[in-house]
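Following is a predicted model, sequence given first.
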Amino acid sequence: MLREEELKTFVEGTTRYFEVAAQQPATIGSPYLLEGETAMHDYTGMINVSGKREGVVYFTAPRAMLTVLLMKMQESDFSHESMRDLVGEVANTISGNARRDFGHDFVISVPSVFAGEKPQIPQSPGARAFVIPIHWRSHSAKLVVSLT
Amino acid sequence: MQSSGADRVRRLLTAAAGALLAALMALVLIVGFRLATRIRANVALLQRASLLETYPSALSQQLTALRERLGTLEYTGGVHQELADSVAGFDRNLAALERRPGVDRPVLRAAGRLWKAYTPVLAPVLAYSGEPYSDTDFGSSLSVSGKIYYTQVRRAELFAQSSAPALHRRLAALSAALQQRTSSAASRLRLLLSVGVLAVLLLGAAAAYLQLARSRGERAARAAEEQTRDILHTVREGLFLLDADYRIGTVWSQALTHLFGREDFAGLSFEELLRDKVSPATLVTATKYIKLLWGERAHENLMKSINPLGQLEVVLDNGRGGKETHYLQFNFHRVVGPQGVKHVLCTVADITSNVMLARELHEAQESAHSQIDMMVSMLHSDPLQVGGFLDTAAAGLKHVNAILKEPARSHAEFSRKLTGLSRELHSIKGEASALNLMSIAQRVHHLEDMVEELKGKSELTGNDFLPVVLKLDELLAHLRAVREVILRLSTLKDGTPSPEGTLSSPILRLRERASGAEELAATLQGLARKLAEDHGKPFTLSLEGLEAVPAAYLPTVKDCLIQMLRNAAVHGIEPDAVRRAGSKSVTGLVRVQFRRLESGCELVFEDDGAGLSPETLKEAAVRKQLLTAEQAAELDNRSALALIFKPGFSTRAEVSMDAGRGTGMDVVAKAVYALGGRIGVSTHPGRFTRFKIALPAPSQTAVA
């Protein structure tokens, strides 16, 4: 069973990115369990976790949110590639936070990025996905943690 | 410790021997110095005595020479002077000997007496100062005075020749005595010097031994110091000593640096060591405990048993820029000396892995016990009922998840979720309790506790719901496990394996054999037995007309009856003593009656318990802050009775598995209203409480 501290580490990694990159903290909405439906927005940055836990953690956000985020970061390039890089960076920050808190207990992959297409998410048997809505300004993204 | 004591004794013995030898050396030197001084004085005396010894014969010779010169008319002045010098010399040396100690007095006195006898004969000779010769034409001859002088010289010569041997013997004896004394002193000095040399040799040997022992001791001390350093570098526990001011000493183990992420321990107070690591309350307790350890009468085992730092949760840097929760175990041992407690030895061990392991073990044991309990309760349960419950619970938890999923950003939005969550969870728990599925009921109860705790928070955020969703996940996993057990039991009871290998088929087959009314009746009777046993209130449950409950209403009727039955057991039926005092039967009665009417259906639930007291209800509503005291005072009895349908209302101060959350009648009312029905309550204090639920006729679609 996933522990609260572990879940908080991933959540903190995500909200921290907004705080550092856009100088405006993100808040989290009401967490729930994913039930069959997909939780994908336009862009998704994902890390695979192995070791003490097995599964995936991904951050998925709509294009509109990423555009505003780029603007807040004084970026002028709103291209498809910039969006991909941005969700990749968020995933990277989540990964860094997890490495910091869990050390060698977790083996974390390099982030992979998906845009538009539905990513192939490896499902571990018995793993239930926790969805944590990430609110920033008027936009919402999702952090999905699916680990056993 | 023994080795150290032996070393101390050896050092003391060596020091004593060294001091003794040094004293001996000093004595030898002092005595030797005195002996040497005495020998030197004796030698001087001996010289004088030897010189005196020569005088008697010298005097005889000088007197003879003087007489001969007078006879041959030679010049006598020179010999006369020599004689005078000899006499003066004898007197001087004799006087010197008389003044010095250590001379043989009787012999000296005898020699003195003999010498005094010389004086009458020598004095005229020495006193002569005239011209002994007279010159004539016939040549020179002795003058008159010269002749007298000659006679006196002759007499003195004869006296000296006769007295000289005796005087010489006395003086020789004196010299011999002095010689003997000097020889004796010299012998003693030689002996003393031998002793001195021996003492020097012994002192040297002692010094060499001492040096050897010291260097051996130093080598041992260096080796011990190195070993101590190795131990302190290698040991995995933090070790240090606390002094009487509760400050850390100058030596500590390397592990302490890793445990606390600092190196400046010397002189650090115990309070400063823990200040940022523990809560203020723990810090105060720990500081008081440390002070207790210095008490002379503190019993070590007792102190150990009340150690507040046996498992201390601290947050430490993980070395990668993050923080980690660790569990540290502090142990304290008093170091007692002759003057009382000298130090307190503290050992600090990181028992995080042990705590985690124990926790996992405990969880595994809990899980195993829970599995066993579940299996046992399954064996005593009707798989049909449990299967039905699992379906209901799954639907309920799906609804719980749906409530969680509703978007929320503000406190108000988060707060609204809590009421819905409570209601849903309470229903599930009620049914789980009714089926004696305590492993599920307890988990739901725990989840309810979390929700209740959130209700008390002034500012809710999404973070507060993370533990709730985790607990929901755990509950769902447990339901899956229960479902798995039911599947296996059903398969065993059927004697045929499930052809589809799925859960639902055996349960469905069982369901086909039993009607919903039978299932409901069995559930209610089971719950009634359990409630009577749990609360020590025997009562009979009378069920009438349940077979008339339309299928569409069965879930609602079931939920309502479960909640009302629990309320009746907790609030309605009185304890034995109260019932006896009220002249009632010890066994209570709960009556359920379902009837189909032309206008619809009627469900009556009645217990012969304490009834409802409007005043008690008002007081509870004020206590729960659902009403102000003024509002409560204005309520009539009818409105007061209606309070029991308010969310959050309960007359119970404490929460238990069966009551106290104020959710039960709220659930009943909501379920009845959802079907378009009505609910009413009537009561007579001390006699009964009756609920009457009116439901509309079910639609054809719903019946189907």
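Sure, I can see it. Being a predicted model, the structure only gives us computed values, none of them experimental. Numbers count the residues shown, from 1 in each chain, chains lettered A, B, ... in the order given.

Neighbours of residue 65, how many?
No chain specified, so I'll use chain A. Counted with other C-beta atoms under 10 Å in any protein chain shown, the neighbours of A:M65 add up to 23. For glycine as for every other residue, the C-beta is placed from the backbone atoms N, C-alpha and C.

my bad, the chain I had in mind was chain B
18.

who touches B:L122 in this structure?
Applying C-beta atoms under 8 Å, 6 or more residues apart in numbering or on different chains to B:L122 gives the contacts B:L59, B:L83, B:V87, B:A156.

do that again at 10 Å, thanks
B:59, B:63, B:83-84, B:86-87, B:90, B:115, B:152-153, B:155-156, B:159-160 (C-beta atoms under 10 Å, 6 or more residues apart in numbering or on different chains).

Quick check: the gap between it and chain A.
Separation of B:L122 from chain A (C-beta to the nearest C-beta, to the nearest Å) stands at 126 Å.

same question, B:N307
For B:N307 relative to chain A (C-beta to the nearest C-beta), the value is 27 Å.

Tell me who's in contact with that residue.
B:A286, B:Y289, B:L293, B:Q329, B:F330, B:N331, B:F332.

burial count for the residue of the stretch 51-200 of chain B found nearest chain A?
Minimum separation of the stretch 51-200 of chain B from chain A (C-beta to the nearest C-beta) falls at B:V200, amounting to 71.9 Å. Neighbourhood size, B:V200 [other C-beta under 10 Å]: 14.

got it, and B:G387?
Counted with other C-beta under 10 Å, B:G387 comes out at 24.

Surely it touches B:L479?
No. Contact criterion C-beta atoms under 10 Å: B:G387 and B:L479 do not qualify, at 11.7 Å.

so B:S542 sits in a helix?
No. Secondary structure of B:S542 (DSSP: H, G, I helix; E, B strand; the rest coil): strand, not part of a helix.

which non-adjacent residue is nearest the residue positioned nearest the centre of chain A?
In chain A, the centroid-proximal residue (C-alpha atoms, centre = their mean) is A:F59; its distance is 2.2 Å. Excluding its sequence neighbours, the residue lying closest to A:F59 (C-beta to C-beta, 6 or more residues apart in numbering or on different chains) is A:V90, at 4.7 Å.

can you tell me the helix or strand for that neighbour?
Assigned by DSSP states H and E, A:V90 falls within helix A:80-102.

Can I get the lengthiest strand in chain B in PDB, CA atoms only?
The residue-count maximum for a strand in chain B (DSSP state E) belongs to strand B:323-337. Output of strand B:323-337 as PDB, limited to C-alpha atoms (Å, rounded to 0.1, in the frame of the first residue of the first chain):
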ATOM      1  CA  LYS B 323      14.200  15.200   5.200                       C
ATOM      2  CA  GLU B 324      13.600  11.700   6.500                       C
ATOM      3  CA  THR B 325      11.700  10.500   9.500                       C
ATOM      4  CA  HIS B 326      13.900   8.300  11.700                       C
ATOM      5  CA  TYR B 327      13.300   6.600  15.000                       C
ATOM      6  CA  LEU B 328      16.000   6.900  17.600                       C
ATOM      7  CA  GLN B 329      16.300   4.900  20.800                       C
ATOM      8  CA  PHE B 330      18.000   6.600  23.700                       C
ATOM      9  CA  ASN B 331      19.300   4.500  26.500                       C
ATOM     10  CA  PHE B 332      20.800   5.900  29.700                       C
ATOM     11  CA  HIS B 333      23.200   4.300  32.100                       C
ATOM     12  CA  ARG B 334      24.500   6.000  35.200                       C
ATOM     13  CA  VAL B 335      28.200   6.000  35.800                       C
ATOM     14  CA  VAL B 336      28.600   5.800  39.600                       C
ATOM     15  CA  GLY B 337      31.700   6.700  41.500                       C
END
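
Strand partners (parallel or antiparallel) of it?
Strand pairing for strand B:323-337, using DSSP bridges, gives strand B:312-317 (antiparallel), strand B:340-350 (antiparallel).

Point out where the chain drops to low pLDDT.
You didn't say which chain, so I picked chain A. Chain A contains residues with pLDDT under 70 at A:37-39, A:117-127.

Wait, chain B was what I had in mind.
Short version for chain B, where the test is pLDDT under 70: B:1-7, B:318-323, B:380-384, B:490-515, B:650-663, B:700-704.

what's the domain layout of it?
B:2-212, B:238-350, B:366-514, B:515-704 (automatic domain parsing).

could those domains go into a markdown table alongside distance to A:M1?
Listed next are these as a markdown table, based on distance: least, C-beta to C-beta, whole Å:
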| stretch | distance to A:M1 |
| --- | --- |
| domain B:2-212 | 56 |
| domain B:238-350 | 17 |
| domain B:366-514 | 6 |
| domain B:515-704 | 23 |
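
Of these, which is nearest A:L7?
Set against A:L7 and scored by C-beta to C-beta, those come closest in domain B:366-514, at 5.6 Å.

for the stretch 1-150 of chain B, what spans make up the strands?
With strands called from DSSP state E, counting those that start in this stretch, the stretch 1-150 of chain B shows them at B:133-136, B:139-142.

outside of the last one, which residues touch it?
What it means is strand B:139-142. Against strand B:139-142 from outside (C-beta under 10 Å, 6+ apart): B:L70, B:G71, B:L73, B:P132, B:Y133, B:S134, B:D135, B:G146, B:K147, B:I148, B:Y149, B:Y150.

The first one now?
The contact list for strand B:133-136 (C-beta under 10 Å, 6+ apart) reads B:70, B:73-76, B:140-147.

likewise stretch A:109-118?
A:38, A:40, A:42-50, A:56-60, A:63, A:80-81, A:83-95, A:119-121.

In that stretch, which residues are buried?
A:P111, A:S112, A:V113, A:F114 (16 or more other C-beta atoms under 10 Å in any protein chain shown).

Which ones among these lie within strands?
A:S112, A:V113, A:F114.

I'd like to know how far the first one sits from chain B.
Per C-beta to the nearest C-beta, A:S112 is found 24 Å from chain B.

partner residues bridging that residue?
A:M46.

could I get the strands paired with strand B:323-337 as a markdown table with mean neighbour count?
A markdown table is the format used below for the strands paired with strand B:323-337 (neighbours: other C-beta atoms under 10 Å in any protein chain shown):
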| stretch | mean neighbour count |
| --- | --- |
| strand B:312-317 | 15 |
| strand B:340-350 | 17 |
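
Any chance of these in TSV with distance to B:T119 as columns?
Formatted as TSV, the strands paired with strand B:323-337 follow (distance: least, C-beta to C-beta, whole Å):
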stretch	distance to B:T119
strand B:312-317	115
strand B:340-350	90
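
quick one: the residue nearest the centre of chain B from B:A44, how far?
When C-alpha atoms, centre = their mean is applied to chain B, the residue found nearest the centroid is B:F332 (1.4 Å). Going from B:F332 to B:A44 by C-beta to C-beta, to the nearest Å gives 81 Å.

Quick check: phi and psi on A:K52?
phi -60, psi -30 (degrees, to the nearest 10).

just the one 4 residues further on next, same as before
The phi/psi pair for A:V56 (degrees, to the nearest 10) reads phi -130, psi 160.

beta partners of it?
As for beta bridges, A:V56 partners with A:N48, A:S146 under DSSP bridges.

Equivalent analysis for the one 5 residues further on, please.
Beta-bridge pairing of A:A61, defined through DSSP bridges, involves A:Y43.

residue contacts, it?
A:A61 touches A:40-45, A:69, A:83, A:86-87, A:90, A:134, A:136, A:139-143, counting by C-beta under 10 Å, 6+ apart.

what about it, distance to A:T27?
15 Å.

how about the strands paired with strand B:323-337, which one is nearest B:T587?
strand B:312-317 (50.9 Å).

For burial, what's the neighbour tally of residue 18?
You didn't pick a chain, so chain A it is. Neighbours of A:F18 (other C-beta under 10 Å): 22.

try again with chain B
Other residues near B:G18 number 16, with proximity taken as other C-beta under 10 Å.

Nearest to B:A528 among the strands of the stretch 1-150 of chain B would be which one?
Nearest of the strands of the stretch 1-150 of chain B (C-beta to C-beta): strand B:133-136, 179.1 Å.

who does that closest one pair up with?
Going by DSSP bridges, the partners of strand B:133-136 are strand B:139-142 (antiparallel).
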